[in-house]
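J.: next input, structure requested:
(one chain, ligands or ions: 1)
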Amino acid sequence: MATALLQLPVVVNGGFQRDEIPLVGMSKTANLRSATTTTNHLNFRKKCLQIRCQSTSTEEKKTRRNLLDNASNLLTNLLSGGSLGTMPVAEGAVSDLFGRPFFFSLYDWFLEHGAVYKLAFGPKSFVVVSDPIVARHILRENAFSYDKGVLADILEPIMGKGLIPADFDTWKPRRRVIAPGFHALFLEAMVKTFTDCSERTISKFEKLLERANTDVVELDLEAEFSSLALDIIGLGVFNYDFGSVTKESPVIKAVYGTLFEAEHRSTFYIPYWKLPLARWVVPRQRKFHNDLKVINECLDGLIKNAKETRQETDVEILQQRDYLNLKDASLLRFLVDMRGVDVDDHQLRDDLMTMLIAGHETTAAVLTWAVFLLAQNPSKMKKAQAEIDSVLGQGRTTFDSLKKLEYIRLIVVETLRLFPQPPLLIRRSLKSDVLPGGYKGDKNGYAIPAGTDIFLSVYNLHRSPFFWDCPDDFEPERFLRPRQSEGIEGWAGFDPGRSPGAMYPNEIISDFAFLPFGGGLRKCVGDQFALFESTVALALLLQKFDVELKGSPESVEIVTGATIHTKSGLWCRLRRRQH
Ligand code: HEM
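T.: Numbers count the residues shown, from 1 in each chain. Got it, this is the predicted structure:
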């Protein structure tokens, strides 16, 4: 198998030759073998690679394209604006959108064309970036030259002027107010909320076992994590208990409906919802607007209530409240009480909606894939449980115990490396710029005009064979080892010492090779919230249960929208642990 993979054709348009890929500290064969382990989508990728091995030229590949692809490529040639200097060009086909997640195709093209390439796709073209040096330039060094582009177009109807899609003028004052809300005492109080909510989930599982009078129960853990994350984000952001672990309600249904629509819009080829009558004529658009109305009414009620009970206070004093004993420790309370910030209800609602959506599916996905990976690595599951037993025994998680649960924390970040949520960051250049060439790219860089749409593929970055050893392997321990830059000019290597005191590896330690929460100005504000939440939920699950997949890993089909998730749930068998 490995030999067959090494015989891949040399590609057109520059890029890497396949046998250049293995780099540091391993043989070519070992790297390619390791690149075909663990998960079913890797097998999927393996199949794709095999298919490509059999094909000897790009011509042959083109003949397999269907009529729609040909029409789309004709449009591309007409509209995509020609080449961008020496930047390699990959030609996408409409059929690449179907049958498998889009980011797999972006990965294959990355290996073919290099870490910066132009993807011409139907009437659109994008620059795809899979390199930490270029990512650092876009996200940090020249961040004010890029806005959210396509992403803002898609999300604005849902999140309005919330932080994620916001233009810089809206974003600056709101970020200044929201970021301080995630202060140390708030996060510490949230650990208690995470623990309470996770225990509610665990006790639901235990009741199922008792009722069935057995030691094993079968469950869709993805759905359970989704309910858990919804309950947590509701309490943390606006002190509202959805109670979705144990019940259904119109608001919960509306939240899921809205998420579903956001996902549909992020993957659908033609934005038909922008047509004037679409919101009244298309049934799913009508439903979407009804769902939005339900959520908005709920949020408006919470905002009204918070404003009526406002106690205006200086931010420094707000940050010292006794959060562990407050009846309402939520972010909404903080935002409303902050002195000198008289934000209108509409903006506040957009902020809450943004955090509801940003903090829900993402965390649920981390937990889902962590279980998926652990179930295939029983020795790592045992190691995790040994740590939990020694740190927690049968006790609860606390802020202090999180500091000692090192291996669980590493599992969480390794899951985020392999399954970044979202797998792509999206930007549009506000002015012309010159992107650095990145590793093995053009030394003079690549000039791009204003208005260029960019996909920064975090998935490619996290699985780049140039920056990670055995990139497709699930190996939480990797984060404990520093890694020299190994002669990669412009990249500082992986050094935990660069971010002393950080509980989790981040973009600074990895010099932008690891970007689970983005980086620079628009970095996630909820990163620590999400990391603590995932660590608590995973630790409490593994404290009580051994988990295995119900079917084979290959039967878990991967789909993607804003996040990477499964097509039909993560069906698992939970067995009560004997202590
Ligand atoms: C594992 C869970 C999470 C992941 C993987 C994640 C990931 C990300 C990423 C990658 C970005 C940057 C987007 C970009 O640059 O285009 C982002 C932004 C953001 N996230 Fe998260 N997030 C998570 C949880 C949360 C939570 C829990 C909250 C809030 C409670 C949150 C709120 C936000 C907000 C408001 C932004 C926009 C920041 C800005 O533009 O200033 N996220 N998130």
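J.: use CA for all of it now, contacts and neighbours both
T.: OK.
J.: tell me where the stretch 201-350 of the chain has helices.
T.: Ranges of helices in the stretch 201-350 of the chain, per DSSP state H, counting those that start in this stretch, are 221-238, 250-267, 278-281, 283-308, 315-318, 331-337, 345-375.
J.: for Thr560, find the nearest of those helices.
T.: Closest of the helices of the stretch 201-350 of the chain to Thr560 is helix 250-267, at 8.1 Å (criterion: C-alpha to C-alpha).
J.: other SSEs contacting that closest one?
T.: Applying 3 or more C-alpha pairs under 8 Å, 6 or more residues apart in numbering; DSSP states H and E, one finds that helix 250-267 contacts helix 149-159, helix 283-308.
J.: contacts for that helix, please.
T.: 151, 154-155, 158, 242, 244, 271, 287-288, 290-292, 294-295, 298, 357, 561-562 (C-alpha atoms under 8 Å, 6 or more residues apart in numbering).
J.: cool, stretch 522-533 as well?
T.: With contacts defined as C-alpha under 8 Å, 6+ apart, stretch 522-533 is touched by 139, 164, 178-179, 182, 187, 190-191, 194, 359, 363, 402, 409, 412, 517-518.
J.: is the ligand contacted by that stretch?
T.: Yes. Part of stretch 522-533 sits near the ligand under the criterion C-alpha under 6 Å from any ligand atom, namely Arg522, Lys523, Cys524, Val525, Gly526, Asp527, Phe529, Ala530.
J.: which of the residues you listed has the largest number of neighbours?
T.: In terms of neighbours by other C-alpha atoms under 10 Å, the residues of stretch 522-533 next to the ligand top out with Ala530 at 23 neighbours.
J.: find the helix or strand that that one is a member of.
T.: Here Ala530, judged by DSSP states H and E, is contained in helix 527-544.
J.: now that helix: average pLDDT?
T.: Averaged across helix 527-544, pLDDT comes to 98.
J.: so where's this structure shaky on pLDDT?
T.: Counting by pLDDT under 70, the ranges of the chain that qualify are 1-83, 92-98, 122-123, 266-269.
J.: please list the residues of the chain that sit near the ligand.
T.: Applying C-alpha under 6 Å from any ligand atom, we find that the chain lies next to the ligand at 163-164, 175, 355, 358-359, 362-363, 366, 421, 425-426, 516-518, 522-527, 529-530.
J.: again, 5 Å this time
T.: Contact residues (C-alpha under 5 Å from any ligand atom) of the chain with the ligand: 163-164, 355, 358-359, 362-363, 421, 425, 517-518, 522-524, 526, 530.
J.: near Arg211, how many other residues are there?
T.: Around Arg211 there are 9 other residues, counting by other C-alpha under 10 Å.
J.: so how far is Asp389 from it?
T.: 27 Å (C-alpha to C-alpha, to the nearest Å).
J.: same deal with Glu156?
T.: The gap separating Glu156 from Asp389 is 46 Å, by C-alpha to C-alpha.
J.: Lys307 contacts Val336, correct?
T.: Yes. Using C-alpha atoms under 8 Å, Lys307 is in contact with Val336, at 6.4 Å.
J.: nearest residue to the middle of the chain?
T.: Within the chain, the residue whose C-alpha comes closest to the C-alpha centroid is Gln421; the distance, by C-alpha atoms, centre = their mean, is 0.8 Å.
J.: three-state assignment of it?
T.: Assigned with DSSP: H, G, I helix; E, B strand; the rest coil, Gln421 falls in the coil class.
J.: next one: Asp546
T.: At Asp546, secondary structure determined by three-state DSSP is strand.
J.: hang on, isn't Ile232 packed against Cys197?
T.: Yes. In this structure, Ile232 is within contact of Cys197 by C-alpha under 8 Å, at 6.7 Å.
J.: neighbour count winner among these two?
T.: Applying other C-alpha under 10 Å to Ile232 and Cys197 shows that Ile232 carries more neighbours, namely 28 against 24.
J.: list the helices and strands the host helix or strand of Ser379 packs on?
T.: Secondary structure from DSSP H and E places Ser379 in helix 378-392. The contact analysis (3+ C-alpha pairs under 8 Å, 6+ apart) places helix 378-392 against helix 345-375, helix 399-404, helix 406-418, helix 527-544.
J.: give me the buried subset of the contacts of helix 250-267.
T.: Among these, the ones that count as buried by 16 or more other C-alpha atoms under 10 Å are 151, 154-155, 158, 242, 244, 287-288, 290-292, 294-295, 357, 561-562.
J.: which single residue of the stretch 301-450 of the chain ends up nearest the ligand?
T.: Nearest to the ligand in the stretch 301-450 of the chain, going by C-alpha to the nearest ligand atom, is Gly359, at a distance of 3.4 Å.
J.: which residue packs closest to that residue, ignoring adjacent ones?
T.: Closest residue to Gly359 apart from its sequence neighbours, by C-alpha to C-alpha, 6 or more residues apart in numbering: Ile233 at 6.4 Å.
J.: that neighbour: how many residues sit nearby?
T.: Using other C-alpha under 10 Å, Ile233 has 29 neighbouring residues.
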